[in-house]
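*Asks:* sequence first, predicted model second:
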Amino acid sequence: MFPAKHYRSWSFTRDPNGIGIKSGHRDSVKSGPFDAVRFWYVRQARRIVAFNFRPRQTIPLASRKTLRYDTAMAQIESLFVTRLYRAALSELGKPVDAAELETSCLTIADDDEAGQDWSEANGYPGYTSYASLADLPWRFPIFADLVKVLDLHVAAFVEDLEFDLDGKVLKLEDIWINILPQGGTHASHIHPHSVISGTTYVAMPDGASALKLEDPRSARMMASPARKSDARKEMRQFIYVAPKVGDVLLWESWLRHEVPLNMSDDERISVSFNYRWD
Ligand SMILES: [Fe+2]
């Protein structure tokens, strides 16, 4: 072991420069393992200081294995957003009698033989008045009431979309009934020649299909990877919306959408509509 006198002769004081230590009796311990240990610590302290104050390296994003938002420090924005409007009809205007609306839809479907024939001839699995009755609000007061309320919701959506209508307004172009029985679907489609389209929901029994919306950029995604199953809602390529009776959904007419298989034993009843820029 080392001589005890060497150990006892050390008296350490702080280095006036702030880093390291020095002995008050350096001459008495010029050499030996204690010196080596002491200066090893000093060197380590200097290394630590040097490491922590070194210039930061720039690592290219592509070479990073993982990139966390709390470390990236980048600004990432959403551009060219797709808006979807959802509200209860009752939030604006005079309340529409839901029971009367449902009864009217069923009565009209029973009486509208032209609509039944068109649905059958065109493979529509159920009933739609789309091609047979172009004047529901004129024929049935409940539809006139409904349109007054829809006008208010569309106006609210136009406000959100920040449309410059150049002194014109959006006007109802078409409104029609859809009745989908069990197993009924409505294939993916858009609503050409319109600005705003939407649907209000009259009967949505348990198991009734949601509305499926598709990312409008799908046709441009030539080599784009699929999105993670738990991706954020705004990052997904398909969105399913399950509205309740009395809800109204609005979207821009170019947005592709479909009604998947109705799994309910009962009929799914909705009223859809288009608004044009006039
Ligand atoms: Fe549609």
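*Replies:* Yes, it's here. Keep in mind the model is a prediction, meaning the values are calculated, not measured. Residues are numbered from 1 along each chain as shown.
*Asks:* just the strands from the stretch 101-250 of the chain, written as ranges.
*Replies:* Using DSSP state E, counting those that start in this stretch, the strands assigned to the stretch 101-250 of the chain run over residues 127-128, 170-180, 186-189, 196-203, 211-214, 238-241, 247-252.
*Asks:* give me the contacts around the fourth one.
*Replies:* Under the contact criterion CB atoms under 8 Å, 6 or more residues apart in numbering, strand 196-203 has outside partners 85, 89, 98, 101-102, 105, 146, 150, 153-154, 157-158, 170, 178, 191, 211, 243-253, 255, 266-275. C-betas here are computed from N, CA, C, even on glycine.
*Asks:* highest mean neighbour count out of the strands of the stretch 101-250 of the chain?
*Replies:* strand 127-128 (a mean of 25; mean count of other CB atoms under 10 Å).
*Asks:* quick one: average pLDDT of that one?
*Replies:* Within the predicted structure, the mean pLDDT of strand 127-128 is 96.
*Asks:* what lines up beside it in the sheet?
*Replies:* Sheet pairing here is set by DSSP bridges, and for strand 127-128 it gives strand 170-180 (antiparallel).
*Asks:* so for the strand it pairs with, mean pLDDT?
*Replies:* Predicted confidence along strand 170-180 averages 97 (mean pLDDT).
*Asks:* what angle do that strand and strand 196-203 make?
*Replies:* Using axes from the mean of the first three to the mean of the last three CA atoms, to 10 degrees, the interaxial angle of strand 170-180 with respect to strand 196-203 works out to 40 degrees.
*Asks:* starting at the chain centroid, how far to strand 170-180?
*Replies:* Averaged C-alpha coordinates place strand 170-180 at 26 Å from its chain's average position (CA atoms, centre = their mean, to the nearest Å).
*Asks:* likewise for stretch 129-144?
*Replies:* Going by CA atoms, centre = their mean, where stretch 129-144 is centred and where its chain is centred differ by 34 Å.
*Asks:* send me it as CSV with only the CA atoms.
*Replies:* What follows is stretch 129-144, C-alpha atoms only, in CSV (Å, rounded to 0.1, in the frame of the first residue of the first chain):
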residue,chain,number,x,y,z
SER,A,129,-87.2,9.4,-54.8
TYR,A,130,-84.1,10.9,-56.5
ALA,A,131,-85.3,10.4,-60.1
SER,A,132,-89.1,10.6,-59.6
LEU,A,133,-90.0,13.5,-57.2
ALA,A,134,-88.2,16.7,-57.8
ASP,A,135,-90.6,18.9,-55.7
LEU,A,136,-90.9,17.4,-52.3
PRO,A,137,-90.9,20.8,-50.5
TRP,A,138,-93.8,21.9,-52.7
ARG,A,139,-95.8,18.7,-52.2
PHE,A,140,-95.2,18.2,-48.5
PRO,A,141,-95.1,20.9,-45.9
ILE,A,142,-92.8,19.0,-43.6
PHE,A,143,-90.2,19.1,-46.4
ALA,A,144,-90.7,22.8,-46.8
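*Asks:* show me where the stretch 1-150 of the chain has its helices.
*Replies:* 4-9, 33-52, 69-72, 98-111, 113-121, 136-139, 141-161 (DSSP state H, counting those that start in this stretch).
*Asks:* quick one: which of those helices is nearest residue 206?
*Replies:* helix 98-111 (16.1 Å; CB to CB).
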